[in-house]
Structure formats: structure tokens, C-alpha cells
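K.L.:
Okay, sequence plus prediction incoming.
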Amino acid sequence: MPKIQVAILEDLSEVASGLKDLINQDQNMHCIHIYHNAEDAITFLPSHPVDVLIVDIGLPRQSGIEAIQQLSVSCPHTQFCIFTVYEDDEKIFQSIKAGAKGYLLKSATASKMIEAIHELYEGGSPMSPSIARRVLESLHQPLSSPLPLSPRELELLQLLSRGFLYKEIAAQLFITTGTVKQHIHKIYEKLQVCNRTEAVNKLRGN
């Protein structure tokens, strides 16, 4: 059985080194490279592809999320797993949208980390329990709201709040981009706001 090839994108040397040692202790996997910034990973990983890339979000210049966005195109067979201290909804959904298939907090145990790499390799989507709970809760938000919006408008605003583009919202709701724009215009009018940020703040403050 070939070993699972792993690389790490992490700017903190001690964290990256600890992860590398942990991975190499497992007889079924091997860490072949560490990248300390997104730019190096974007440049060199396509020539040295791996099965799994462990990605920190907070990097010196481009973020880990931006790295995944680009690498998911140039390295389509690589599975990306976020490894971070961030557990806010915005980072979670931006990561998933970018192409991350796993999301672990840095508080995860060593055994959970190894288990997650195996799970990713086998087609799963490992997540820390608190992250999985946030994802599930977001998917089960009720479509009734004190906001003066119809269920359809509320559904659209929730997608907008997760960072989806108009064309992506249109694809999910099986409507045209023009119809999305019409709904957005009505939402802005009803909420008496001028832009996406103000509308999303109304939703989150509700």
C-alpha cells in the first residue's frame, strides 16, 4: 500500500515541525514538504503534488484560504484540510467555498489529526466537533424571520452572508443571475440598506 503523501502550509516553524514529526510517525503516511507561505505553495506544489495539504489560514501575505482557491484548480487531486485557531462562521464557510474538505482546530489531539488525514484520503470530510456543529446549525437556520423578507429573500440573503457570488447563488437556487439581482434590490429596499455588508449586518443582528 503506497504511503499517503502529505505537505504542510504553516508559517510557524515549531507548529509545522511538530506536524511533520507526527505525520512521519505513522507508517502509512509521509510528509514530503513544508511551505511557510501561500506564495511558495502556489508556485511549487503543482510540480510536487500530494494527496493531502494541511493549511493554516493566517499566513504572512496571502491567506491559506486564498492558497486553497488557487491550488484547488492547479492541484485538483489534492485534498485540503484547514488547521487553524479560527472558528468563526465567516472563515469556516470561506474555507469550504474555496475547496477545503476538512476543518480542524489547532486544539485537536494528535490522534485526531492522523485520523483526519486518513479520512480525507479516503474521501471523508473531517471536522472538529464545534466546527461540524456550526456548519449543521447554519444549514438548519429557520426561514422565518422578524425581518420583512419573504422565505425566498431570506434564503438568498443567508447565501449572500456566506460570501457566495450572484452567479453561485443563482446556480444553487436554480434561477438566473438577473433574478438574483432583482431579489437583492428588493431586499435592500425592504431593509433600507445600500450594500451587501449592511444587509448581512441586519441579518446577523436580527
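P.N.:
It's in. Residues are numbered from 1 along each chain as shown.
K.L.:
what's downstream of the helix or strand containing residue 137, the next helix or strand?
P.N.:
Using DSSP states H and E, residue 137 sits within helix 129-139. Using DSSP H and E, the helix or strand that follows helix 129-139 towards the C-terminus is helix 151-161.
K.L.:
Restricting to C-alpha, output the following helix or strand past that following helix in CSV.
P.N.:
Next along the chain after helix 151-161, taking DSSP H and E as the criterion, comes helix 166-173. Written as CSV, here are the backbone C-alpha positions of helix 166-173 (Å, rounded to 0.1, in the frame of the first residue of the first chain):
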residue,chain,number,x,y,z
TYR,A,166,-24.5,36.2,-7.5
LYS,A,167,-23.9,33.5,-10.1
GLU,A,168,-23.2,30.9,-7.4
ILE,A,169,-26.5,31.9,-5.7
ALA,A,170,-28.3,31.6,-9.0
ALA,A,171,-26.9,28.1,-9.5
GLN,A,172,-27.9,26.9,-6.0
LEU,A,173,-31.4,28.3,-6.3
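K.L.:
contact partners of helix 166-173?
P.N.:
152, 155-156, 159-160, 164, 176-177, 179-181, 184 (CB atoms under 8 Å, 6 or more residues apart in numbering). C-beta: built from backbone N, CA, C; applies to glycine.
K.L.:
which parts of it are buried?
P.N.:
Going by neighbour count (16 or more other CB atoms under 10 Å), the buried part of helix 166-173 is 166, 169-170.
K.L.:
Distance-wise, check the residue nearest to residue 161 when sequence neighbours are not counted relative to residue 44.
P.N.:
In this structure, residue 161 finds its nearest non-sequential neighbour in residue 200, 4.4 Å apart by CB to CB, 6 or more residues apart in numbering. From residue 200 over to residue 44 the distance is 37 Å, taken as CB to CB, to the nearest Å.
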